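In: Fold the following for me, if possible:
(one chain, ligands or ions: 3)
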Amino acid sequence: MTISVEKPIFEEVSAFEKSGDNIGELKLDGGFSMPKMDTNDDEAFLAPEMNAFGRQFRDYDVESERQKGVEEFYRLQHINQTVDFVKKMRAEYGKLDKMVMSIWECCELLNEVVDESDPDLDEPQIQHLLQSAEAIRKDYPNEDWLHLTALIHDLGKVITLPQFGGLPQWAVVGDTFPVGCAFDESNVHHKYFVENPDFHNETYNTKNGIYSEGCGLNNVMMSWGHDDYMYLVAKENGSTLPSAGQFIIRYHSFYPLHTAGEYTHLMNEEDKENLKWLHVFNKYDLYSKSKVHVDVEKVKPYYMSLIKKYFPENLRW
Ligand SMILES: O[C@H]1[C@H](O)[C@@H](O)[C@H](O)[C@@H](O)[C@H]1O
Ligand SMILES: [Fe+2]
Ligand SMILES: [Fe+2]
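Out: Numbering: from 1, shown residues only. Ligands and ions are numbered 1, 2, ... in the order given. Alright, predicted model coming up:
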């Protein structure tokens, strides 16, 4: 059985409008409006009630073998993601000296990655990319940047492969959270933060920590993983994806913010606008995970045309 997930209330005007012939650059349409869904109900994407294992999505408490692995993953992630670690990773991966390749080559490489943090996904990663992109394309056929954003949002997971430094899973996948301020209780398996050295550091363990109210997420260090890495790759290679697309890539794993509504005191006005699109995106990222495969060869030409529009042919990774 399928259920339709509650739709946000949309205004009639599209939030983005093409500016002149400057390909890929989009501007806000006279003040910000809520993202609009372009389809009628009978064509809309239907979110399933259960995941592929017959369980609720993102259920981190159910007793199962798979769940034990996920919990162990979060134990390690919470212990090891510290301010010092994030600084080191940003410096190392900011060099972008690991590989030169195209976006599509990376999509194919990602198939070799198994994500140990995800209780809902059991399919090759390229299927997850295409399933989420095709689902969002159904409801937002005119926002091509959103289709491409979905296609590439998880590409950063390649940093777990040997040719990218072979980072452990806890430094690549899973939900993300700010470091340098108190770890909010909405983080899944929060209890394991007690063993993180920053938890006991008085500079880092207050509500604002090293940040100030409203400083903007761009000034906040997030736990290191595939989100921040892919954002960096897109930005440094001069992608023309609109800022909402880049925001989605960078914060799509930040469930404590976009789903639990915590850490909002760190956001600035721009973050609040971009968050509306992240809310739209999250539905397709999470609920499109299914056993029904997308025909890769059939949709490839469409996505190749989007890659060409918003990215250079070869990128530094
Ligand atoms: O397990 C998942 C997976 O790693 C996703 O790619 C990430 O975006 C989610 O936040 C996480 O919970
Ligand atoms: Fe992700
Ligand atoms: Fe994803």
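
In: Please count neighbours and contacts with C-alpha atoms only from this point.
Out: OK.

In: I figured residue 39 hits residue 140, correct?
Out: Yes: Residue 39 is in contact with residue 140 according to C-alpha atoms under 8 Å; the separation is 7.0 Å.

In: higher neighbour count, those two?
Out: Neighbour totals were compared for residue 39 and residue 140, and residue 140 leads with 18 against 15 (other C-alpha atoms under 10 Å).

In: Now do the phi/psi pair for the residue lying closest to residue 316 once chain neighbours are set aside.
Out: Leaving aside its chain neighbours, residue 316 sits nearest to residue 100 (4.7 Å; criterion: C-alpha to C-alpha, 6 or more residues apart in numbering). When read as degrees, to the nearest 10, the backbone of residue 100 gives phi -120, psi 120.

In: Flag every residue of the stretch 151-300 of the chain that's near ligand 1.
Out: Within the stretch 151-300 of the chain, the positions near ligand 1 by C-alpha under 6 Å from any ligand atom are 154, 173-175, 252-253.

In: can you rerun that using 5 Å?
Out: 173-175, 253 (C-alpha under 5 Å from any ligand atom).

In: Now rank those residues by neighbours and give me the top one.
Out: Ranking these using other C-alpha under 10 Å puts residue 173 first, with 26 neighbours.

In: Quickly note the distance from it to residue 99.
Out: 20 Å (C-alpha to C-alpha, to the nearest Å).

In: Name the SS class of the residue in the stretch 201-317 of the chain that ligand 1 sits nearest to, please.
Out: Proximity to ligand 1, evaluated over the stretch 201-317 of the chain using C-alpha to the nearest ligand atom, is greatest for residue 253 at 3.3 Å. Using DSSP: H, G, I helix; E, B strand; the rest coil, the structure places residue 253 in coil.

In: residues contacting the closest residue to it other than its chain neighbours?
Out: Leaving aside its sequence neighbours, residue 253 sits nearest to residue 175 (C-alpha to C-alpha, 6+ apart; 4.6 Å). Shown in contact with residue 175 (C-alpha atoms under 8 Å, 6 or more residues apart in numbering): 187, 253-255.

In: Which residue ranges of this structure form strands?
Out: Read by DSSP state E, the chain holds these strands, from start to end of the chain: 2-3, 16-18, 26-28, 47-48, 100-101, 315-316.

In: what's the least confident stretch among those strands?
Out: Note on these: lowest mean pLDDT is at strand 16-18, with a mean of 28.

In: So what's the residue count around residue 137?
Out: 23.

In: Count residues in the vicinity of the nearest residue to residue 89 once chain neighbours are set aside, would you?
Out: Distances taken as C-alpha to C-alpha, 6+ apart place residue 224 nearest to residue 89, at 6.9 Å, with adjacent residues excluded. Look at residue 224: counted by other C-alpha under 10 Å, it has 26 neighbours.

In: when you give positions from now on, start the count at 862
Out: Sounds good: first residue 862 from here, last item residue 1085.

In: Help me confirm that residue 1085 comes into contact with residue 942.
Out: Yes: with contact defined as C-alpha under 8 Å, residue 1085 and residue 942 form a contacting pair (7.2 Å).

In: thinking again about what came up before, check the contacts of residue 1036 and tell me the two furthest apart.
Out: 1048 and 1114 (11.1 Å; C-alpha to C-alpha).

In: ok now do residue 958, which residues does it touch?
Out: 1177-1178.

In: Residues touching the longest helix anywhere in the chain, excluding its own?
Out: As assigned by DSSP state H, the longest helix anywhere in the chain is helix 1130-1148. By C-alpha under 8 Å, 6+ apart, the surrounding residues in contact with helix 1130-1148 are 869, 893, 895-896, 908-909, 912, 918, 993-994, 996-997, 1011, 1077-1078, 1104-1105, 1108-1109, 1112-1113, 1119.

In: For the closest residue to ligand 1 within the stretch 912-1061 of the chain, the count of nearby residues, please.
Out: The nearest approach of the stretch 912-1061 of the chain to ligand 1 comes at residue 979, 3.4 Å away (C-alpha to the nearest ligand atom). Counted with other C-alpha under 10 Å, residues neighbouring residue 979 total 19.

In: you'd agree it is up against residue 1033?
Out: No: with contact defined as C-alpha under 8 Å, residue 979 does not count as touching residue 1033 (12.0 Å).

In: Would you mind giving the contacts of residue 1036 as JSON lines with distance to residue 1091 and pLDDT added?
Out: Output for the contacts of residue 1036, formatted as JSON lines (distance: C-alpha to C-alpha, whole Å; pLDDT from 0 to 100):
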{"residue": "1048", "distance to residue 1091": "22", "pLDDT": "98"}
{"residue": "1114", "distance to residue 1091": "12", "pLDDT": "98"}
{"residue": "1115", "distance to residue 1091": "14", "pLDDT": "98"}
{"residue": "1116", "distance to residue 1091": "17", "pLDDT": "98"}
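
In: Which entries within those residues meet the buried criterion?
Out: Neighbour-count burial (16 or more other C-alpha atoms under 10 Å) applied to the contacts of residue 1036 gives 1048, 1114-1116.
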